[in-house]
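[1] no sequence on this one, just coordinates:
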């Protein structure tokens, strides 16, 4: 049975208003395998999975489950065929218990009354089968960690007899330990014969957990390969048509005077006497384990959170930003790690998001009038330099792919002519091609004399991009590495204070 295909999608096509999103895409997943679906943002991965989930109807093509043609034209038909899609935004009721969430659409099992004892026993069995006997069926879901909520989401779908699981960027908000737990779960499910489609932009995860990889590009099928038969460089080439050696731009920027200097910054338990400085033209990295205090430090400096004590010198003057508006006025920008909640106004237009921090460039200051023609041209130029793909600047930014949303979030600070920009997890949730473009944007900023601060949980990109890296642990600076010292071993040793 190991060689039999659980799921087959043949020559799937889908168009939206004359634009072809999928053109003859095929995917075949074996029973009891973890199958990676890869491609750049906008390649068609989400569209293909929405067809599998019944959210979209395909224009043509065929879907087979266990070798038999399956009719999937609605979410119910998808669920009836044993298919479950687990998105980044988990579909749980936060105020209900674990047991209630898992059996939310079958609480009474057809009876007139809920048998709470049986419900909790079945919940216990499901949790134990995944190795999570420390999660109580009575726990309120909203009080659980994201990782445990993900376990509940998986159990909910297993309770519906799902044997094809689709996981979309499942580790994007997980810590290292939580990611390890998830991998243990996936391997157990694989041993139980569950077929898993795994979507992720983190290539190291693909090589760690997956058996097979299917790559799609620009809505078309590219190739299917065994993980053991390909390396990262060849995989990147399949996805973006470029070599992995081109991933990071050459650093040729001249490093100049100090732009921002922080001395003994304190802001709660997460920020304890943090000191550093960043120069014009320099890319300064911040490394550390989750909870090290990197983001909290920058938010305190930027005025987003209260700074309890310490001294910040910016452009030669001592400053204390009361709020982020003060920082923006002084040409300090900060790209938030959470673009959806803090970096963008998702229900506003691409145009509004782009000029949010630089309206003074397209307004009459005396009468507070926006010159709309000038604004449109300005937005077109800025987004063009970032190679942003969009249909109209008047469309909501939520209509864009993750990579293009991130470029719009970036464009806000590029447009504002900042002298220093803090990039917090700038490539989180974007594909390899978009990462390359974001790296180039950061490098171009440095070439123009902007001081760049880069917080990242991905050590390879800190090594590839930074001139220096500050390592933090438990709210304190525990190490500083020059470019010649930048290795993963050195960063890990510093972070663990070895």
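    Perfect, I can see it now. Just so we're clear, the structure is a prediction, and the values are computed from it rather than from any experiment. Residues are numbered from 1 along each chain as shown.
[2] please enumerate the strands of the stretch 251-400 of the chain.
    Ranges of strands in the stretch 251-400 of the chain, per DSSP state E, counting those that start in this stretch, are 258-266, 274-279, 283-287, 309-314, 317-319, 332-335, 363-364, 369-370.
[3] out of the ones you listed, flag the one nearest residue 59.
    Proximity to residue 59 (CB to CB) singles out strand 332-335 among the strands of the stretch 251-400 of the chain, at 38.0 Å. Any C-beta I mention is one placed from the backbone N, CA and C, and that applies to glycine too.
[4] and the closest one, what does it pack against?
    When contacts are defined as 3 or more CB pairs under 8 Å, 6 or more residues apart in numbering; DSSP states H and E, strand 332-335 packs onto helix 294-302, helix 324-329, helix 402-415, strand 420-424.
[5] which residues sit against that strand?
    Residues outside strand 332-335 that contact it (CB atoms under 8 Å, 6 or more residues apart in numbering) are 260, 298-299, 302, 304, 314, 321, 324, 327, 343, 357, 409-410, 412-413, 416, 418-424, 426.
[6] with mean pLDDT and distance to residue 39 added, can I get the strands of the stretch 251-400 of the chain in CSV?
    Converted to CSV, these look like this (pLDDT from 0 to 100; distance: least, CB to CB, whole Å):
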stretch, mean pLDDT, distance to residue 39
strand 258-266, 96, 38
strand 274-279, 97, 35
strand 283-287, 96, 28
strand 309-314, 96, 41
strand 317-319, 95, 44
strand 332-335, 94, 24
strand 363-364, 81, 40
strand 369-370, 83, 38
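[7] before we move on, the earlier item: mean neighbour count added to the helices and strands packed on strand 332-335, as JSON lines?
    JSON lines is the format used below for the helices and strands packed on strand 332-335 (neighbours: other CB atoms under 10 Å):
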{"stretch": "helix 294-302", "mean neighbour count": "25"}
{"stretch": "helix 324-329", "mean neighbour count": "17"}
{"stretch": "helix 402-415", "mean neighbour count": "24"}
{"stretch": "strand 420-424", "mean neighbour count": "26"}
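[8] any idea which of these scores lowest on pLDDT?
    Lowest mean pLDDT within these: helix 402-415, a mean of 88.
[9] before we move on, the earlier item: make TSV out of the helices and strands packed on strand 332-335 and add distance to residue 370.
    As requested, these are arranged in TSV below (distance: least, CB to CB, whole Å):
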stretch	distance to residue 370
helix 294-302	26
helix 324-329	18
helix 402-415	14
strand 420-424	25
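[10] for residue 211, find the nearest of these.
    The closest of those to residue 211 is helix 402-415. By CB to CB, the value is 25.5 Å.
[11] now that closest one, how far from the centre of its chain.
    How far helix 402-415 lies from its chain's middle: 14 Å, per CA atoms, centre = their mean, to the nearest Å.
[12] packing partners for that helix?
    For helix 402-415, the elements it packs on are strand 332-335, helix 350-355, helix 372-385, helix 432-447, judged by 3+ CB pairs under 8 Å, 6+ apart.
[13] so the last one versus helix 372-385, what angle?
    Angle between the axes of helix 432-447 and helix 372-385 is 110 degrees (criterion: axes from the mean of the first three to the mean of the last three CA atoms, to 10 degrees).
[14] from the contact counts, what lies against helix 432-447?
    For helix 432-447, the elements it packs on are helix 232-240, strand 283-287, helix 402-415, strand 451-455, helix 459-465, judged by 3+ CB pairs under 8 Å, 6+ apart.
[15] now the last one: buried residues?
    It refers to helix 459-465. 459, 461-463, 465 (16 or more other CB atoms under 10 Å).
[16] same check on the fourth one?
    When burial is assessed from 16+ other CB under 10 Å, strand 451-455 yields the following buried residues: 451-455.
[17] and these, which is closest to residue 198?
    For the buried residues of strand 451-455, the nearest to residue 198 is residue 455 (26.3 Å; CB to CB).
[18] ok, that closest one touching residue 284?
    No - the pair residue 455 / residue 284 is not scored as a contact, 9.9 Å apart, by CB atoms under 8 Å.
[19] coming back round to it: between the helices and strands packed on helix 402-415, which one is nearest to residue 115?
    helix 432-447 (49.9 Å).
[20] mind putting the buried residues of strand 451-455 into JSON lines with pLDDT?
    Listed next are the buried residues of strand 451-455 as JSON lines, based on pLDDT from 0 to 100:
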{"residue": "451", "pLDDT": "97"}
{"residue": "452", "pLDDT": "97"}
{"residue": "453", "pLDDT": "97"}
{"residue": "454", "pLDDT": "97"}
{"residue": "455", "pLDDT": "94"}
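[21] TSV for the residues you listed, including distance to residue 23?
    Converted to TSV, those look like this (distance: CB to CB, whole Å):
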residue	distance to residue 23
451	45
452	39
453	42
454	37
455	39
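[22] how near is the closest residue to residue 290 other than its chain neighbours to residue 159?
    Closest residue to residue 290 in three dimensions, ignoring its sequence neighbours and counting by CB to CB, 6 or more residues apart in numbering: residue 175, at 4.4 Å. The gap separating residue 175 from residue 159 is 27 Å, by CB to CB, to the nearest Å.
[23] what does residue 436 give?
    42 Å.
[24] same deal with residue 257?
    Computed as CB to CB, the residue 257 to residue 159 distance reads 61 Å.
[25] mind checking which of those two has more residues around it?
    Under the neighbour definition other CB atoms under 10 Å, residue 257 and residue 159 were set side by side, and residue 159 has more, 18 against 11.
[26] for that one, phi and psi?
    Per-residue torsions, residue 159: phi -70, psi -20 (degrees, to the nearest 10).
[27] so residue 147: helix, strand or coil?
    Secondary structure state of residue 147, per DSSP: H, G, I helix; E, B strand; the rest coil, is helix.
[28] touching, it and residue 180? I think so.
    No - Residue 147 lies out of contact with residue 180 (CB under 8 Å); the separation is 9.9 Å.
[29] of those two, which one has the most company?
    Set residue 147 next to residue 180 and count neighbours by other CB under 10 Å: residue 147 wins out with 20 against 12.
[30] the closest residue to that one other than its chain neighbours and residue 149, how far apart?
    Distance criterion CB to CB, 6+ apart; nearest residue to residue 147, sequence neighbours excluded, is residue 178 at 3.6 Å. Look at residue 178 and residue 149: by CB to CB, they are 11 Å apart.
[31] also residue 225?
    33 Å.
[32] those two: which is more packed in?
    The neighbour comparison of residue 225 against residue 149 (other CB under 10 Å) goes to residue 149, with 19 against 16.
[33] thanks a lot, see you next time.
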